[in-house]
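Undergrad: structure for this input, please:
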Amino acid sequence: QVQLVESGGGLVQAGGSLRLSCAGSGRTFSPYAMGWFRQASGKERELVAAITWSGGRSHYADSVKGRFTISTVNTKNTVSLQMNSLKPEDTAVYYCAEWRIGSTWSTPDYWGQGTQVTVSS
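TA: The predicted structure is shown next:
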């Protein structure tokens, strides 16, 4: 059973930075991709960023392009999300996600428990 454990959330002022990390365990095979979703209060969950395990392709939501960077450390089974120039509208619970090959981007195969990110104005 794959388990994803997030860390690095917290409270930061607008304009500040946070780095989220997600460590995966229990895998039999390497994932096809890993990434991050977020869900703000009263809103639907949205895909923020994703990256193929080889690192060859990445995807970002328009709202975070140029501010967030996703990366993998394959030897540590970890995916990270560096978030810079944070805005109050980035406030949400951030969820780590993992895809097996053949899965659609909207339906990851595994989820983390989520970590709260709060950006104060």
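
Undergrad: could you pull out the strands for the chain?
TA: Assignment of strands within the chain using DSSP state E yields the ranges 3-7, 10-13, 18-25, 33-39, 46-52, 58-60, 68-73, 78-83, 92-99, 110-111, 115-120.

Undergrad: packing partners for the second one?
TA: Just to be clear, that refers to strand 10-13. Helices and strands touching strand 10-13, as assessed by 3 or more Cβ pairs under 8 Å, 6 or more residues apart in numbering; DSSP states H and E, comprise strand 115-120. In short, each C-beta sits where N, CA and C put it, glycine included.

Undergrad: equivalent analysis for the shortest one, please.
TA: The contact analysis (3+ Cβ pairs under 8 Å, 6+ apart) places strand 110-111 against strand 3-7, strand 92-99.

Undergrad: about what we covered before: can you redo the strands of the chain as CSV with mean neighbour count?
TA: What follows is these, written out as CSV (neighbours: other Cβ atoms under 10 Å):
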stretch, mean neighbour count
strand 3-7, 17
strand 10-13, 13
strand 18-25, 18
strand 33-39, 23
strand 46-52, 20
strand 58-60, 16
strand 68-73, 17
strand 78-83, 23
strand 92-99, 23
strand 110-111, 17
strand 115-120, 17
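
Undergrad: the spatially most central residue of the chain and residue 68, how far apart?
TA: By Cα atoms, centre = their mean, the chain has its centre lying nearest to residue 36, at 2.2 Å. To residue 68, residue 36 is 8 Å away according to Cβ to Cβ, to the nearest Å.
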